[in-house]
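In: I would like the atomic coordinates for the input below:
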Amino acid sequence: MIKNFKWLLLVSLTFIACNNDDENSTPVEVPVTSGTASFTKYVALGDSFAAGYSDGALFKKGQEGSYVNILAQQFVTAGGGDFKTPFTSDNLGGLLLGGNVIAGTRLYFKLSTSSPTPVAGVPTTEVTSKITGPFNNLGIPGAKSYHLIAPGYGNVAGVATGAANPYFARFATASGTTVLADALVQAPTFFSLWIGGNDVLGYATSGGIGVNQTGNLNPATYGGNDITDPNVFASVYSGLVAKLTANGAKGVVANLPYVSTLPYFTTVPYNPVPLTAGVATQLNSGYAAYNGGLQFAVSKGLITADEATKRTVKFAAGSNAVVIVDSYLTNLSAYGIPSYRQATSEDLPVLTSRTFIGTLVGGNAAAVNGVSVPLADQWILTKDEIAEVKVATDAYNVTIKAIADAKGLAFVDTKAIMTQLSTGGVVSNSFTLTSAYVTGGAFSLDGVHPGPRGYALITNAFMTAINAKYSSTLKPVDLSLYPILYPAVIQ
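Out: Below is the predicted model of the structure:
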C-alpha cells in the first residue's frame, strides 16, 4: 500500500512538472561561471585598442569603455578580481610633457560644420606626474609587438627623444622595466593579448612613406612608420605567450584586421574631383607634355606600352581620379619624366586627404592639389603599398593562430569581424554596425579606433571566444547601453 502511494505521488509530481513547463516558457537563468579558466588576476597587454583610445586621443571615458575594461567588469561576475587602469586626468584627451602639449585633445562631431573638431581646452594629463602601479590594463597606445619587451620603453627621460612611450612612462613601475615584466610581476591567472596592429599601421596611415623592414631582424634600426619583419614579430609573439603561460595562466588572443577595412582608408574616394568639360580640356593641355614624354619612353624601350597607358593622365567631364606620385613606377627622372599616374579603385586615399584634395598651392588657382599638382606619397596608400601591408599582416596572423592553437588559448578572429563591418555590417542587439565613417556606429572619428559601441561589440567577440574555449558562461553586454560617438562635453 505504501509502495503504491509512493509511485502515485511520483507520477503526480511528474505530471505537475510537465504542466508547469508548458505554462512557464521563461528561459532558465544560466549562472555565470569561469569554466576551466580563472579570472582572479586578469592582465591585458596590447596597444591603443586595449587602452581604449578613441577619437584620436586617450581620455577617461574612453578608457572606461575599452574592451579590456568591459571584459574585466564581466569577469567580476565569474570570480574576477580588481582591475586597475592607469586613467588619464580628464575627458579632454591629450598629454603634457613638462607643461608642453605633446598630444592634442580628442575629436567630436561638430554639427554646425558637419566635421570632426578637436575639443576645446588644454590637456591636464602630465607625463612626468607618475602614477602608482602595477596596473592590470597594460594597453599602450602606439606600441608595436617588440615594444612590449623593450627595456626603457616607460622611461620618462626618453619620451622627448622618442626613445620611450609617453603613455607607458606615466605608470611604468620602473624606468628600465618592460610592459611584459609589469604584467608578469602580478602573477596573472588570465591574460588577453591583442598586439601587432601598429607593426603595419604607421606605414599605412603615413601613405607608405616608411620602410618595409622585411628581412631586417634588428628592430632597433626601425623607424616609427616601418613595417616589422614577420620573423621579428613571430619571435617576439612566441616569447610573450611563453612567458605569460609559464605558470599555467590561460588567456585569449586576437589576430589582426586588414587596414583596408578601416574607415581611415575607405572614406575618401579615389575619384572625388568633379570637372566640367572645359576645365577637363584645360587640364589635359597641361598634361600633354607629360603624356608625350611617356610615348617617348615607350619608343626608347624604357617602359612598355601598357605602363604608358596606366601612367597617362586624362580628364573628362564628371568625376575624376586624383593624380598621384607613385614611386613604384619605372623611374624616368633621368629623362625629365616624373612618376605620375591617376589613382584607381585599388588605391586608398587616407582620411586626412579629405581636407587637402582640391586646395590651392600658395593661393594659386592654377595649382590644385590632386589635380594639376599630383598628390605626394603621404596622401594615398597605393595598391603596391597595400600589398606590402597585407603580406605582413597575413604572416603575423599565421603566427598568432599557430601559437594560440599550440598553447590552447581562446582565439578571436577580429580580421573577420572588421571585414564583415566593411562589407555589409554586423547585426547585434538589433543594431547594424558598419565601418562607415561617422554614421556606421563601429568606429570613432579618427577612422582607426572603435567608438564606444564598437568596443562593446569587440568585447562580446572576446567573451564568445573565451566561453567557447574554457566553457565559461560570461554574458554579452547590451550594445544599446553604448553610444555611437562621444559628445563634445562628457559629464
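In: Who are the contact partners of the nearest residue to Ser48 once chain neighbours are set aside?
Out: The spatially closest residue to Ser48, leaving aside those adjacent along the chain, is Pro141, at 3.8 Å (C-beta to C-beta, 6 or more residues apart in numbering). Any C-beta I mention is one placed from the backbone N, CA and C, and that applies to glycine too. By C-beta atoms under 8 Å, 6 or more residues apart in numbering, Pro141 lies in contact with Asp47, Ser48, Ala51, Tyr53, Leu58, Asn165, Tyr167.
In: Distance of the fifth one relative to Ser38?
Out: The reference is to Leu58. 30 Å (C-beta to C-beta, to the nearest Å).
In: again with the fourth one
Out: Separation of Tyr53 from Ser38 (C-beta to C-beta): 29 Å.
In: The two - which one has more neighbours?
Out: Tyr53 (27 against 20; other C-beta atoms under 10 Å).
In: Quick one: end-to-end length of stretch 139-149, please.
Out: End-to-end distance for stretch 139-149, by C-alpha to C-alpha, to the nearest Å: 13 Å.
In: show me where pLDDT drops low in this protein?
Out: The model of the chain has pLDDT under 70 over residues 1-28.
In: Now do the top helix by length along it: which elements does it pack against?
Out: Longest helix in the chain, counting residues (DSSP state H): helix 383-407. Judged by 3 or more C-beta pairs under 8 Å, 6 or more residues apart in numbering; DSSP states H and E, the packing partners of helix 383-407 are helix 198-205, helix 230-245, strand 250-254, strand 410-412.
In: and the residue nearest to Ser48, which of the three is it?
Out: Of the three states, Pro141 takes coil according to DSSP: H, G, I helix; E, B strand; the rest coil.
In: all helices for the stretch 101-250 of the chain, in order.
Out: Counting by DSSP state H, counting those that start in this stretch, the stretch 101-250 of the chain has helices at residues 166-169, 179-184, 198-205, 230-245.
In: Would you mind listing the outside residues contacting the first one?
Out: For helix 166-169, the external contacting residues (C-beta under 8 Å, 6+ apart) are 51, 58, 86, 95, 97, 102-103, 127, 140-143, 153-156, 158-159, 179.
In: which of the residues you listed are buried?
Out: 51, 58, 86, 95, 97, 103, 127, 140-143, 153-156, 158-159, 179 (16 or more other C-beta atoms under 10 Å).
In: Report the buried residues of stretch 230-241.
Out: Buried residues in stretch 230-241, defined by neighbour count with 16+ other C-beta under 10 Å: Pro230, Val232, Phe233, Ala234, Ser235, Val236, Tyr237, Leu240, Val241.
In: Any idea how far that stretch is from the middle of the chain?
Out: How far stretch 230-241 lies from its chain's middle: 20 Å, per C-alpha atoms, centre = their mean, to the nearest Å.
In: next one: stretch 34-44
Out: Worked out by C-alpha atoms, centre = their mean, stretch 34-44 lies 25 Å from the chain centre.
In: and if you look at stretch 239-247?
Out: 24 Å.
In: what sits up against it?
Out: Looking at what lies outside stretch 239-247 - C-beta under 8 Å, 6+ apart - the contacts are 45, 145, 148-149, 180, 183-184, 187-188, 191, 193, 195, 251, 253, 403, 407, 409.
In: Show me the contacts of Pro141 that map onto helices.
Out: Using DSSP H, the contacts of Pro141 in helices are Ser48, Ala51, Tyr167.
In: now the residues you listed in a markdown table, with distance to Val30?
Out: What follows is the ones in helices among the contacts of Pro141, written out as a markdown table (distance: C-beta to C-beta, whole Å):
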| residue | distance to Val30 |
| --- | --- |
| Ser48 | 34 |
| Ala51 | 32 |
| Tyr167 | 38 |
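In: And those residues, which is closest to Thr312?
Out: Ser48 (41.3 Å; C-beta to C-beta).
In: didn't that closest one look like it was pressed against Gly139?
Out: Yes: when contacts are counted by C-beta atoms under 8 Å, Ser48 is listed as touching Gly139 (6.8 Å).
In: Could you check how many residues crowd around Gly318?
Out: The burial count for Gly318: 12, using other C-beta under 10 Å.
In: In contact with it, which residues?
Out: Pro274, Leu275 are the contacts of Gly318 under C-beta under 8 Å, 6+ apart.
In: is it possible to export the buried residues of stretch 230-241 to a markdown table including distance to Gly425?
Out: Shown next, in a markdown table, are these (distance: C-beta to C-beta, whole Å):
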| residue | distance to Gly425 |
| --- | --- |
| Pro230 | 31 |
| Val232 | 35 |
| Phe233 | 30 |
| Ala234 | 33 |
| Ser235 | 37 |
| Val236 | 34 |
| Tyr237 | 31 |
| Leu240 | 33 |
| Val241 | 32 |
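In: and which of the residues you listed is nearest to Pro31?
Out: Val241 (30.7 Å).
In: Please report how far the closest one lies from Ala404.
Out: Applying C-beta to C-beta to Val241 and Ala404 gives a distance of 8 Å.
In: Over to Tyr258?
Out: The spacing between Tyr258 and Ala404, counted by C-beta to C-beta, is 19 Å.
In: Also Phe59?
Out: 32 Å.
In: The two - which one has more neighbours?
Out: Ranked by neighbour count (other C-beta under 10 Å), Phe59 and Ala404 place Phe59 first, with 26 against 22.
In: now, which of the ones in helices among the contacts of Pro141 sits nearest Ala442?
Out: When these are compared for distance to Ala442 (C-beta to C-beta), Ser48 wins out at 15.7 Å.
In: number of nearby residues for Leu302?
Out: 17.
In: If we ignore the residues flanking it in sequence, what's nearest it?
Out: Nearest non-adjacent residue to Leu302 (C-beta to C-beta, 6+ apart): Leu332, at 6.3 Å.
In: Need phi/psi at the one you found.
Out: Main-chain dihedrals, Leu332, degrees, to the nearest 10: phi -110, psi 20.
In: okay, now the spatially closest residue to Lys110 that is not a sequence neighbour: neighbour count?
Out: Using C-beta to C-beta, 6+ apart and skipping residues adjacent in sequence, the residue nearest Lys110 is Thr117, 4.1 Å away. Neighbourhood size, Thr117 [other C-beta under 10 Å]: 15.
In: Roughly how far does Gly121 sit from Arg453?
Out: Distance from Gly121 to Arg453, by C-beta to C-beta: 25 Å.
In: Oops, could you answer that again for Gly196 instead?
Out: Taken as C-beta to C-beta, the span from Gly196 to Arg453 is 24 Å.
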